[in-house]
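Q: give me coordinates for this.
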Amino acid sequence: MDMDGASSVVLQALTQATSQDTAVLKPAEEQLRQWETQPGFYSVLLNIFNNHMLDVNVRWLAVLYFKNGIDRYWRRVAPHALSEEEKTSLRAGLITNFNEPVNQIATQIAVLIAKVARLDCPRQWPELIPILLESVKGQDGLQQHRALLTFYHVTKTLASKRLAQDRRLFQDLASGIYSFACSLWSHHTDCFLQQIYARDEAAALSSLERTLLSLKVLRKLTVHGFQEPQHNMEVMGFLNAVFERLKQFLECCRQVGPDCTCREKLEKTIILYTKVLLDFLEYHPCAFIPLIQRSLEFAVSYVFTPAGEGVTFERFIVQCMNLIKMIVKNDAYKPAKNIDDSKPESLEAHKIKTAFFTHPTLTEIGRRLVSHYFLLTEEELAMWEEDPESFAVEETGGDSWKYSLRPCTEVLFLDIFHNYSQTLTPVLLEMVQNLQGPTSVEDPVQLLMKDAVYNAVGLAAYELFDNVDFDQWFKNQLLGELQVNHHRYKLIRRRVIWLIGQWISVKFKSDLRPLLYEVILSLMQDPDLVVRIETATTLKLTVDDFEFRTEQFLPYLESIFGLLFQLLQQVTECDTKMQVLHVISCVIERVNIQIRPYVGCLVQYLPLLWKQSEEHNMLRCAILTTLIHLVQGLGAESKNLYPFLLPVIQLSTDVSQPPHVYLLEDGLELWLVTLENSPAITPELLRIFQNMSALMEMSSENMRTCFQIVNAYIYLSATEFLQNYAESLCRSFCDLLKDISNEGQVQVLKVVEIALKVSPILGAHMFQPLLPAVFRGIVDGERYPVVMSTYLGILGRVLLQNSSFFYSLLTQMASECSQKMDQLLGNVIEMWVDRMDNITQPERRKLSSLALLSLLPSDNSVIQDKFCGIINICVEALHDVMTEDSETGTFKDCMLMSHFEEPKLSDDEEPPTEQDKRKKMLALEDPVHSVSLQQFVYEKLKAQQALMGDQGFGVLMETVDTELVRQLQEFLQGL
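A: Next up, the predicted model:
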């Protein structure tokens with residue numbers, strides 16, 4: 001690019017690209033995109049964003065284009081990479097002056113320099129760090145700040161590189177600049193404290209900004225810059241100084257009050273100090289050992305003693321609690337079970353912890369956690385009144401303990417209780433003892449305290465297993481609490497039903513369940529919504545428990561299910577509806593077909609809810625899950641849901657519709673259970689299969705379910721299904737088989753095998769294009785046993801049940817291979833006999849012997865040639881399937897099935913689906929289950945004997961091993 005001419009053209013394009021008018025904006029963006037690979041383009045951008053006279057938006061856009069260009073074209077190996085000459089001049093231009101007046105642009109330039117540094121520093125850009133350090137020392141306030149900002153972003157980026165070589169380079173850098181970084185931080189911190197106490201807030205804010213940046217640099221250098229930081233005096237000196245500085249800054253917070261302009265940055269800096277300690281503890285637990293005592297003293301005094309009053313704020317308390325938690329829980333600080341195996345560091349850390357966590361200290365921490373931090377706050381109580389649903393489903397899972405006070409206190413309580421249960425169990429039990437009997441509704445303080453103590457007992461349920469007789473407590477105390485109907489007592493009603501949910505899987509007698517269902521039934525009608533939602537959650541935990549007995553629950557099912565449905569309608573928030581739907585799904589899943597009489601209302605309501613939840617895909621996922629369990633519960637009756645169900649499946653599994661991203665997995669599962677429970681095919685159900693070819697093309701992790709769906713269609717209505725879709729399915733399969741794992745290959749072939757089993761004539765005709773590959777695989781001796789076994793299963797079906805097709809396939813293959821038919825048939829039989837051991841399923845082994853026997857009687861010399869091998873396979877199969885009747889001493893084929901019986905079900909067994917029944921009926925017609933192998937062998941040998949005459953047959957039998965003949969005779973005696 002010619003620089004002068006280019007500057008004005010690029011400037012004009014950038015100006016147009018900031019326009020609100022798309023007619024101007026789009027062509028400008030397209031033009032800029034074309035220039036991205038032009039030499040000189042980035043030099044022009046650099047000049048534009050360094051020109052402070054130009055419009056801010058234009059300069060901002062120039063920085064962004066430059067930044068994106070680094071990602072795409074800076075590396076040497078990138079297509080259209082920048083030339084080394086241009087990169088050299090750009091690097092120099094980026095650090096000529098640190099005087100950007102606009103904060104946002106300054107940050108972007110700093111990030112951009114850091115991106116280049118990640119790729120080029122220190123080898124191609126050795127001067128970057130020295131120039132930055134020089135500028136940071138300068139007297140000009142703006143230049144000093146901008147250089148420091150850049151210094152931070154460069155340090156942060158270099159610290160994030162993980163390769164061993166890069167880490168060594170960063171460690172070299174850290175040891176070279178650490179002293180300077182410490183003195184810089186110290187200087188700015190002192191300046192800030194002097195200025196803030198002198199009430200010069202503007203200067204203080206500026207110094208505080210620099211303190212924050214220099215501390216951010218030190219955090220990265222300290223945590224990532226040293227392999228063994230405990231041996232570096234300066235690092236340990238800095239970390240010890242952090243405690244002093246924290247105290248100064250917390251005191252400063254108290255002095256300046258909440259309205260000071262510095263307040264927000266001040267709190268940010270305090271949090272950053274705690275992050276330094278937490279990061280160092282996470283990355284260097286052993287180096288942290290000398291700081292354990294000080295950290296615990298510091299954190300415990302601010303969080304659990306009056307020292308913190310008026311000083312601390314929520315985020316700081318969370319950080320302190322996390323510091324205590326990480327020290328208590330750290331595996332590096334726990335001695336091994338066998339003391340002699342422990343590392344000396346672990347023993348030292350354990351010693352320090354044991355000395356600190358004395359009985360009085362632990363007692364005080366335990367009491368304060370429960371009686372102070374567990375208490376519901378004014379804000380929470382107000383939220384309960386004003387927005388009960390948000391209160392009831394507040395998110396406390398995942399990593400929320402790292403940032404939010406309530407989950408943080410609960411996690412800390414659990415960890416401390418787990419590690420020091422012997423000390424803390426009596427403390428908690430005493431707190432429970434002091435709150436026996438109903439609490440006065442006129443005493444809000446005691447009500448909140450009881451809520452907090454019960455919360456602790458619920459959280460520590462596993463730890464208290466041996467110390468609390470929960471059944472007695474439930475009968476003698478908790479039941480009474482649940483019967484106090486006063487509206488102020490809702491706190492306790494909600495907490496007690498939650499508490500039962502926590503204990504249900506820990507210790508709760510089975511014969512108390514009916515009493516609990518009575519309680520749930522009553523509380524599902526509580527006037528307070530939060531109590532009702534909490535009760536539903538406990539119901540889910542109860543129903544989901546290992547000891548759940550359907551017969552105990554059935555008397556309450558109708559009433560409870562009706563109330564659950566009412567609750568689903570009453571709640572308005574998406575998250576709450578999802579939560580209630582999960583409970584409903586769980587109930588339906590556990591009681592299965594017993595749900596049938598009670599789902600009418602739900603079935604009518606779900607279409608409305610589906611319509612309302614168009615914008616909420618996660619709620620739609622919950623509806624799909626409910627429908628899956630509903631269809632399983634309804635069985636064949638689920639056909640009544642088709643007007644709603646089938647469009648839902650259609651939408652969820654259509655990859656051209658955006659919602660499929662969220663709904664596909666559950667949608668496929670629903671499609672499958674709908675087919676498995678369908679009594680008969682409908683045109684609409686058949687039509688949905690149009691979605692399948694696109695799903696097959698995606699070949700995602702849902703492939704297995706897709707194959708199960710195909711199989712379900714074949715079982716349901718092979719004729720209609722294959723006539724409509726076999727052609728497109730065959731195309732999909734041919735594409736798939738070109739590039740698929742062995743396991744995937746088996747899945748595809750199993751579909752063909754099932755089609756042949758259900759409809760031998762139509763199946764062979766429809767999947768004809770796939771069969772030559774199967775034939776070739778057998779002749780070539782496919783190496784992978786499971787694939788070979790499936791090949792033989794397919795060919796066995798064709799030979800046994802559609803022999804004319806087998807011979808036309810043999811003719812086709814013989815002309816392809818330029819071989820005689822008989823010769824090719826001989827090769828197939830030989831390979832079949834040789835690879836019989838690849839077949840492990842008894843059904844397929846019997847099928848193989850039936851198929852090969854079906855070649856008899858024959859005067860074909862090739863078949864007679866292979867007679868010995870055929871008999872060999874038959875005897876093997878007879879060993880597999882014949883069982884001796886102990887009473888009569890005769891053998892019978894154990895695979896024979898004579899008639900369809902409805903199985904007797906025990907309570908825990910699920911009733912058979914419609915598909916299970918279809919498979920059973922199919923088995924009755926399948927030669928494997930309807931033909932006696934013993935009888936078949938006998939008849940075929942008799943026919944061969946009749947064909948050849950006694951003498952010829954005798955000669956043929958002599959080719960068979962005498963031991964095999966003896967075994968064969970034994971199996972055939974009595975026929």
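Q: which residues of this structure score low on pLDDT?
A: Per-residue confidence for the chain (pLDDT under 70) gives these ranges: 1-5, 395-398, 699, 888-889, 899-909, 974.
Q: make it 50
A: 1 (pLDDT under 50).
Q: name the helices or strands packed onto the longest helix along it?
A: The single longest helix within the chain, with elements called by DSSP state H, is helix 703-738. Under the contact criterion of 3 or more CB pairs under 8 Å, 6 or more residues apart in numbering; DSSP states H and E, helix 703-738 touches helix 660-676, helix 683-687, helix 692-698, helix 742-758, helix 760-766, helix 914-925. (C-beta placed from N, C-alpha, C; glycine too.)
Q: quick one: distance of the fifth one to the chain centre.
A: Between the centre of helix 760-766 and the centre of its host chain there is 42 Å, according to CA atoms, centre = their mean, to the nearest Å.
Q: likewise the fourth one?
A: Taking CA atoms, centre = their mean, one finds the center of helix 742-758 at 30 Å from the center of the full chain.
Q: which phi and psi does Tyr420 have?
A: Main-chain torsions, Tyr420, degrees, to the nearest 10: phi -130, psi 40.
Q: and it, how close does it get to Phe413?
A: 11 Å (CB to CB, to the nearest Å).
Q: quick revisit: mind putting the helices and strands packed on helix 703-738 into TSV with distance to Lys265 and mean neighbour count?
A: Below are the helices and strands packed on helix 703-738 laid out as TSV (distance: least, CB to CB, whole Å; neighbours: other CB atoms under 10 Å):
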stretch	distance to Lys265	mean neighbour count
helix 660-676	41	21
helix 683-687	63	14
helix 692-698	50	16
helix 742-758	58	21
helix 760-766	73	19
helix 914-925	66	15
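Q: can you redo those helices as a markdown table with distance to Thr37?
A: Formatted as a markdown table, those follow (distance: least, CB to CB, whole Å):
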| stretch | distance to Thr37 |
| --- | --- |
| helix 660-676 | 33 |
| helix 683-687 | 49 |
| helix 692-698 | 33 |
| helix 742-758 | 41 |
| helix 760-766 | 52 |
| helix 914-925 | 58 |
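Q: circling back to that earlier point, and Tyr420 and Phe413? which has more neighbours close in?
A: Phe413 (24 against 21; other CB atoms under 10 Å).
Q: pull the contacting residues for the nearest residue to that one once chain neighbours are set aside.
A: Excluding the flanking residues, the one nearest Phe413 by CB to CB, 6 or more residues apart in numbering is Leu369, at 4.9 Å. Residues counted as contacts of Leu369 (CB atoms under 8 Å, 6 or more residues apart in numbering) are 304, 409, 412-413, 416, 456.
Q: can you give me the angle the longest helix of the chain makes with helix 660-676?
A: 100 degrees (axes from the mean of the first three to the mean of the last three CA atoms, to 10 degrees).
Q: tell me the buried residues in helix 703-738?
A: 703, 705-718, 721-722, 724-726, 729-730, 732-733, 736 (16 or more other CB atoms under 10 Å).
Q: how close does the residue nearest to Phe413 sit to Phe391?
A: 21 Å.
Q: same deal with Leu716?
A: For Leu716, the distance to Phe391 - CB to CB - is 48 Å.
Q: contacts for the strand or helix carrying Val300 next, please.
A: Under the criterion of DSSP states H and E, Val300 resides in helix 289-304. Applying CB under 8 Å, 6+ apart, the contact partners of helix 289-304 are 230, 236, 239-240, 243, 246, 250, 277, 280-281, 288, 307-308, 311-312, 316-317, 320-321, 323-324, 327, 333, 345, 348-349, 352-353, 355-356, 361, 364-365, 368-369.
Q: do stretch 550-560 as well
A: In contact with stretch 550-560 (CB under 8 Å, 6+ apart) are residues 510, 513-514, 517-518, 520-521, 524, 539, 543, 587, 590-592, 594-595, 597-598, 907.
Q: now with 6 Å?
A: Around stretch 550-560, the neighbours that count as contacts under CB atoms under 6 Å, 6 or more residues apart in numbering are 513-514, 517, 521, 591, 598.
Q: likewise stretch 157-165?
A: Contacts for stretch 157-165 (CB under 6 Å, 6+ apart): 114, 118, 170, 220, 224.
Q: with stretch 910-926 instead?
A: So stretch 910-926 is contacted by 593, 636, 676-677, 679, 715, 897, 900, 905, 929 (CB under 6 Å, 6+ apart).
Q: also stretch 849-867?
A: 796, 799-800, 822, 825-826, 829, 870, 873-874, 877, 927, 940, 943-944, 947, 956.
Q: what of stretch 508-518?
A: Residues contacting stretch 508-518 (CB under 6 Å, 6+ apart): 471, 547, 552, 556.
Q: tell me, how many residues neighbour Gln963?
A: Let me fix one detail, which is that residue 963 is Glu and not Gln. 9.
Q: in a helix, it, correct?
A: Yes: assessed by DSSP: H, G, I helix; E, B strand; the rest coil, Glu963 belongs to a helix.
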